[in-house]
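Participant: Okay, here's the prediction I keep looking at, along with the sequence it came from:
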Amino acid sequence: MAVFTEVSPAQAQALLDHLQLGTLSSLRGIGAGIENTNYFVDCTQSDGHNGGHLHRYVLTLFERLTAAQLPFYLRLMQHLAQRGVPVPEPHADASGQILFEVAGKPAAIVDRLHGGHQLAPDAFHCEQVGATLAQMHLAGRDYPLQQPNLRGLAWWEEVVPQILPFLDAPQADLLQSELAYQQQLAASAGYAELTARCFGPIHADLFRDNVMFEPGEGPGRERLTGFFDFYFAGCDTWLFDLAVCLNDWCIDLADGRLIEERAAVFVAAYESVRPLSGTEHRLLPALLRAAALRFWVSRLYDLHLPRDASLLKAHDPRHFERVLRERIAQPWHAMKETT
Ligand SMILES: Nc1ncnc2c1ncn2[C@@H]1O[C@H](COP(=O)(O)OP(=O)(O)O)[C@@H](O)[C@H]1O
Ligand SMILES: N[C@@H](CCOP(=O)(O)O)C(=O)O
């Protein structure tokens with residue numbers, strides 16, 4: 001069940017009319033979401049010939065985020081799309097508004113990306129995600145809105161004490177010691193350099209299920225069509241975003257081990273667009289630990305302290321416990337480009 005709020009064709013058409021997007025031809029609820037209500041919306045726009053062109057959009061009704069919280073995310077998508085980053089662009093009305101109300105919920109219409117997820121990525125997929133991630137970071141540098149990463153250190157400090165009673169002793173030790181390690185890191189001169197120079201809007205949740213690919217030329221040459229689901233975005237170090245990606249795109253999901261060849265390709269592609277500084281190279285192992293901790297904490301929190309009437313289906317926290325233990329036991333440095 002992922003359509004939490006029903007939208008009628010008349011309600012969808014009213015929004016399409018307001019945005020001058022054409023005539024509704026199909027409205028289908030999307031089953032995959034766990035957080036918002038999403039519909040695929042197809043419509044035709046008359047060009048005076050052949051019955052018009054088909055345009056494909058996604059209508060999202062926000063079930064958790066409020067109208068006050070949404071501009072940071074939606075304006076970021078608009079900002080990035082207008083700078084050529086492949087992300088769904090929210091459609092604006094004649095006055096420039098991009099946030100509307102449908103069936104009593106805040107709502108937006110964005111472009112539909114072509115293709116589907118690649119849940120078993122190879123080096124070619126990682127190369128494309130790495131390069132596009134760096135492109136996105138650079139394009140976000142002049143984004144004017146500010147919001148911290150709401151799943152960053154301050155949030156870990158707030159929720160770790162609430163989670164600890166649910167853990168066994170080795171888990172509690174690991175959680176506390178890793179939090180202390182990350183607090184020290186955040187207070188270090190190297191980290192201050194990252195926040196001063198290598199910082200901006202990040203996606204912060206760019207897992208395999210938040211990127212689309214479509215078939216390309218030749219077998220195994222799928223082409224990236226875009227990043228989506230920006231609703232954990234915030235301002236943080238670019239290196240944290242890279243670490244989140246490496247911990248999902250470049251690991252063996254069975255045991256959390258980093259697949260070093262794939263990670264090296266990912267980082268090299270990223271650096272082909274934005275080279276990492278010496279400090280970023282030095283701190284990558286620590287940020288890989290931070291990125292593992294972030295999702296271990298959120299998964300523990302969602303499992304043990306679900307929000308009232310939560311729509312979330314909790315993911316398995318043990319996966320990111322394994323990833324964290326791996327990153328501590330086997331720190332990984334990307335080779336620094338020397339050319
Ligand atoms: N802009 C988009 N283009 C194409 N498909 C999309 C787009 N946005 C969402 N989807 C589809 O809807 C599904 C659910 O979206 P998602 O953002 O993950 O929902 P939720 O936030 O509820 O988890 C995705 O897996 C994807 O198939
Ligand atoms: N990627 C996170 C969960 C975030 O949910 P999403 O489906 O909205 O991306 C995790 O794996 O814990």
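Facilitator: Perfect, thanks for sending it. Ligands and ions are numbered 1, 2, ... in the order given.

Participant: Show me the domain layout of this protein.
Facilitator: Under the assignment automatic domain parsing, the domains of the chain span 9-111, 123-329.

Participant: now those domains as a markdown table including distance to ligand 1 and mean pLDDT?
Facilitator: For glycine as for every other residue, the C-beta is placed from the backbone atoms N, C-alpha and C. Below are the domains of the chain laid out as a markdown table (distance: least, Cβ to the nearest ligand atom, whole Å; pLDDT from 0 to 100):
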| stretch | distance to ligand 1 | mean pLDDT |
| --- | --- | --- |
| domain 9-111 | 3 | 93 |
| domain 123-329 | 4 | 95 |
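
Participant: Same list, those, but as JSON lines with distance to ligand 2 and mean neighbour count please.
Facilitator: Shown next, in JSON lines, are the domains of the chain (distance: least, Cβ to the nearest ligand atom, whole Å; neighbours: other Cβ atoms under 10 Å):
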{"stretch": "domain 9-111", "distance to ligand 2": "5", "mean neighbour count": "17"}
{"stretch": "domain 123-329", "distance to ligand 2": "4", "mean neighbour count": "18"}
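
Participant: Just put those domains in a markdown table and tack on distance to His117.
Facilitator: Converted to a markdown table, the domains of the chain look like this (distance: least, Cβ to Cβ, whole Å):
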| stretch | distance to His117 |
| --- | --- |
| domain 9-111 | 9 |
| domain 123-329 | 5 |
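
Participant: Which one of those lies nearest to Ala2?
Facilitator: domain 9-111 (4.4 Å; Cβ to Cβ).

Participant: Now do the end-to-end distance for the closest one.
Facilitator: Using Cα to Cα, to the nearest Å, one end of domain 9-111 lies 18 Å from the other.

Participant: cool, and stretch 203-216?
Facilitator: 25 Å.

Participant: which other helices and strands contact the helix ranked longest in the chain?
Facilitator: Counting residues, the longest helix found in the chain (DSSP state H) is helix 278-304. If you count contacts as 3 or more Cβ pairs under 8 Å, 6 or more residues apart in numbering; DSSP states H and E, helix 278-304 packs onto helix 153-163, helix 169-186, helix 189-197, helix 238-249, helix 317-329.

Participant: What angle do helix 317-329 and it make with each other?
Facilitator: With axes from the mean of the first three to the mean of the last three Cα atoms, to 10 degrees as the basis, helix 278-304 and helix 317-329 are set at 150 degrees to each other.

Participant: From the chain's centroid, how far away is helix 278-304?
Facilitator: Averaging C-alpha positions (Cα atoms, centre = their mean, to the nearest Å) puts helix 278-304 15 Å from its chain's average.

Participant: what do you get for stretch 212-222?
Facilitator: 22 Å.

Participant: And for stretch 166-181?
Facilitator: Relative to the centre of its chain, stretch 166-181 is centred 26 Å away, using Cα atoms, centre = their mean.

Participant: which secondary structure element contains the closest residue in space to Gln147 that isn't next to it in sequence?
Facilitator: Leaving aside its chain neighbours, Gln147 sits nearest to Phe72 (4.5 Å; criterion: Cβ to Cβ, 6 or more residues apart in numbering). Here Phe72, judged by DSSP states H and E, is contained in helix 70-82.

Participant: Leu59 now?
Facilitator: Using DSSP H and E, Leu59 falls in strand 53-61.

Participant: cool, and Phe232?
Facilitator: Using DSSP H and E, no helix or strand contains Phe232.

Participant: And the one 3 residues further on, by the same measure?
Facilitator: Following DSSP H and E, the helix or strand that holds Cys235 is strand 234-237.

Participant: who touches the strand holding Leu59?
Facilitator: Taking contacts as Cβ atoms under 8 Å, 6 or more residues apart in numbering, the residues outside strand 53-61 that touch it are 4-5, 7, 12, 15, 21-22, 25, 27, 30, 36-45, 47, 88, 91, 102-103, 105-112.

Participant: For Leu24, see how far away Ala204 is.
Facilitator: 34 Å (Cβ to Cβ, to the nearest Å).

Participant: how long is stretch 15-28 end to end?
Facilitator: 15 Å.

Participant: Same question for stretch 217-236.
Facilitator: Stretch 217-236 end-to-end distance (Cα to Cα) = 36 Å.

Participant: go on, stretch 191-206?
Facilitator: Start to finish, the residues bounding stretch 191-206 are 22 Å apart (Cα to Cα).

Participant: Do I have it right that Ala334 meets Glu280?
Facilitator: No: in terms of Cβ atoms under 8 Å, Ala334 does not count as a neighbour of Glu280; the distance is 9.3 Å.
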